[in-house]
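A.B. asks: Quick one: sequence plus predicted model below, questions after.
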Amino acid sequence: MRRVLTSLLVIGVAAAILIAGTGAGGGSGGSNYQVRAIFDNAEFAVSGEDVRIAGAPVGSIASLAVTKNNQAAVTLNINNSAFVPFHANATCAIRPQSLIAERYVDCTPGTYSQRPLQRIRRGGGAGSYLLPVTRTSSPIDPDIVQNISQEPVRQSLSIILDELGTGLAARGSDLNAVILRANPALGYTDQVFKILAAQNRTLARLASDSDTVLAPLAKARASMADFVVRANTTASATAQRSAALATSIHRLPSFLHELRPLMADLGRLATQGTPLMGSLSASAAGLNHEFTNLAPFATAAKTALLRLGSAAQRSQHLLVSTEPLARRLLRLGSAAAPASRLLDRLTASLDSTGAIQQLMGVLFDGTQATNGFNKDGHYVRTDVLVGSCTGYARHPVGGCSAKFSGSKAAAVARQAIRSTKTAATGSRLTGLLGYLVGGGA
């Protein structure tokens, strides 16, 4: 394989030399910014072909030449100032434009973080900017690869490989560099292999861990298959609602715009609620204890609640039968509302003026004032509240003294009997006084 690639490289260089001999000279064109790109192989590239960046034409090939190292020097005339200058990490590649061997140069100008290309001061391509061969690549046309299997190309290639095998035996590194430049994908593949070699331990651990992870998944492959089937069903249902989903996505920006003030309020609420959450956290142990104790209470209350439900069911008809009484009580309460309000005003007035205490004082003091007293002690008169001795007088009233002695006491008693309004009251008073004064005198 290495000899085949070497032969292809030699054929490409020879073709470039022939094209350079018949093509235009090393003029620089009329642009202010020219790039002298060095290629290992520039066959079928001719002056006037496009130079493109990201598929957009930005210039053309101004001229082609051959360097002292037998490499193709292609001068690119960039006439779009938006893509200049080229930087050190710029790249260019000759690519097929159609099936009739037309070519164009596909470039990337690089990034501004890299330094610009160096300008050639003298010699070939003076005034242009040098893009080295390490930053370029050339394609190998499919027809060249196909011609290897045909005569006489096959015999010629065998002779070339035989003659060049010895000369290239000690230049393996140079040949490897040429091959990588000829096909950038090989260079990127080499970089990938280097990265993988540096991560070999991680990859080994990934393989072992993958086996550990995939073993349970293998055991649950039926569930995984069911998941895939259900996911297909879900995706089909979602596809049927694509119009509604598109409408929802279309309305999502306005919804998010209206949601922004709410999220701001929620943020402030969370900030203000932090102390409360801290207090709740401190009380969490006590709340947990309460809820733990609540479980036995709820279990014990379950029986009582069930019995209460049964009792309520049995007494339902009795409760319904009390509706007429409840309506009568409602009417009574409505009718008594004015009297209740007046009674409330009366009791409030009596309470605020101290009338109750004063009435109790009158009853107490009046009772004390009308009581009599003799050698046996105090006694209660028959006219307790209103009588001949309850009126106000500036001088002593006869028979109203609280003390009795001898015949005077009997006279006072008889006077009290005469002052009674009924005979029954007088007889009861005579018996009481006779007992109190020892039979009278």
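C.D. replies: Okay, I see it.

A.B. asks: alpha carbons only for contacts and neighbour counts from here, please
C.D. replies: Noted.

A.B. asks: For the one residue sitting closest to the centre of the chain, what is the enclosing helix or strand?
C.D. replies: Among the residues of the chain, the smallest C-alpha distance to the mean C-alpha position (Cα atoms, centre = their mean) belongs to Met263, namely 9.6 Å. When elements are assigned from DSSP states H and E, Met263 belongs to helix 242-272.

A.B. asks: what does Gly124 give?
C.D. replies: Gly124 is part of no helix or strand when elements are defined by DSSP H and E.

A.B. asks: quick one: strands adjacent to the longest strand along the chain?
C.D. replies: Ordering each strand of the chain by length in residues (DSSP state E) puts strand 56-66 first. In the sheet containing strand 56-66, its partner strands are strand 50-53 (antiparallel), strand 72-78 (antiparallel), by DSSP bridges.

A.B. asks: Turn those into TSV, including mean neighbour count.
C.D. replies: Listed next are the strands paired with strand 56-66 as TSV, based on neighbours: other Cα atoms under 10 Å:
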stretch	mean neighbour count
strand 50-53	20
strand 72-78	27
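
A.B. asks: for the ones you listed, which one sits closest to Pro116?
C.D. replies: Of all those, it is strand 72-78 that lies closest to Pro116, at 14.8 Å by Cα to Cα.

A.B. asks: how about that closest one as PDB, C-alpha atoms only?
C.D. replies: Taking C-alpha atoms only, strand 72-78 is exported to PDB below (Å, rounded to 0.1, in the frame of the first residue of the first chain):
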ATOM      1  CA  ALA A  72       3.300  23.100  -7.000                       C
ATOM      2  CA  ALA A  73       3.100  26.800  -6.100                       C
ATOM      3  CA  VAL A  74      -0.400  28.200  -6.600                       C
ATOM      4  CA  THR A  75      -0.900  31.900  -6.300                       C
ATOM      5  CA  LEU A  76      -4.400  32.800  -5.000                       C
ATOM      6  CA  ASN A  77      -5.800  36.200  -5.700                       C
ATOM      7  CA  ILE A  78      -8.300  37.100  -2.900                       C
END
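
A.B. asks: For the stretch 301-441 of the chain, give me the ranges with low pLDDT.
C.D. replies: Per-residue confidence for the stretch 301-441 of the chain (pLDDT under 70) gives these ranges: 365-394, 397-441.

A.B. asks: if you set the cut-off to 50 instead, what comes out?
C.D. replies: Counting by pLDDT under 50, the low-confidence segments of the stretch 301-441 of the chain come to 404-410, 417, 420-441.

A.B. asks: coming back round to it: using a markdown table, lay out the strands paired with strand 56-66 together with distance to Leu269 and mean pLDDT.
C.D. replies: As requested, the strands paired with strand 56-66 are exported to a markdown table (distance: least, Cα to Cα, whole Å; pLDDT from 0 to 100):
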| stretch | distance to Leu269 | mean pLDDT |
| --- | --- | --- |
| strand 50-53 | 54 | 94 |
| strand 72-78 | 60 | 94 |
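
A.B. asks: Switch those over to a markdown table; also include distance to Arg103.
C.D. replies: Converted to a markdown table, the strands paired with strand 56-66 look like this (distance: least, Cα to Cα, whole Å):
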| stretch | distance to Arg103 |
| --- | --- |
| strand 50-53 | 8 |
| strand 72-78 | 13 |
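
A.B. asks: Would you map the strands across the stretch 51-200 of the chain?
C.D. replies: With DSSP state E, counting those that start in this stretch as the criterion, the stretch 51-200 of the chain has strands at 56-66, 72-78, 91-96, 103-108, 129-131, 136-137.

A.B. asks: closest to Thr271 out of those?
C.D. replies: Put simply, out of those the one that sits nearest Thr271 is strand 103-108, at 51.3 Å, with distance taken as Cα to Cα.

A.B. asks: got the angle between the closest one and strand 91-96?
C.D. replies: Interaxial angle, strand 103-108 versus strand 91-96 (axes from the mean of the first three to the mean of the last three Cα atoms, to 10 degrees): 150 degrees.

A.B. asks: Show me what strand 103-108 is packed up against.
C.D. replies: Helices and strands in packing contact with strand 103-108 are listed as strand 50-53, strand 91-96; criterion 3 or more Cα pairs under 8 Å, 6 or more residues apart in numbering; DSSP states H and E.

A.B. asks: Let me know the average pLDDT across it.
C.D. replies: For strand 103-108, the mean per-residue pLDDT is 93.

A.B. asks: Output the helices and strands packed on strand 103-108 in JSON lines, with distance to Pro253 appended to each entry.
C.D. replies: Conversion of those to JSON lines gives the following (distance: least, Cα to Cα, whole Å):
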{"stretch": "strand 50-53", "distance to Pro253": "35"}
{"stretch": "strand 91-96", "distance to Pro253": "41"}
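
A.B. asks: closest to Ser340 out of those?
C.D. replies: Distances from Ser340 to each of the helices and strands packed on strand 103-108 were compared using Cα to Cα; the minimum, 100.6 Å, belongs to strand 50-53.

A.B. asks: Tell me which helix or strand comes right after the one helix or strand Gly286 maps to.
C.D. replies: Taking DSSP H and E as the definition, Gly286 sits inside helix 284-314. Moving toward the C-terminus from helix 284-314, the next helix or strand (DSSP H and E) is helix 316-321.

A.B. asks: and that following helix, how far from the chain's centre?
C.D. replies: When distances are taken as Cα atoms, centre = their mean, to the nearest Å, helix 316-321 is centred 54 Å away from the chain's centroid.

A.B. asks: cool, and stretch 67-83?
C.D. replies: Using Cα atoms, centre = their mean, the distance from the centre of stretch 67-83 to the centre of the chain it belongs to is 56 Å.

A.B. asks: what's the first-to-last distance across that stretch?
C.D. replies: The first and last residues of stretch 67-83 sit 27 Å apart, counting by Cα to Cα, to the nearest Å.

A.B. asks: and if you look at stretch 175-194?
C.D. replies: The distance separating the two terminal residues of stretch 175-194, taken as Cα to Cα, comes to 19 Å.

A.B. asks: ok so, going back, just how off-centre is the helix holding Met263 within its chain?
C.D. replies: The gap between where helix 242-272 is centred and where its chain is centred comes out at 11 Å by Cα atoms, centre = their mean.

A.B. asks: Kindly report the same for stretch 59-71.
C.D. replies: Stretch 59-71 sits 61 Å away from the centroid of its parent chain (Cα atoms, centre = their mean).
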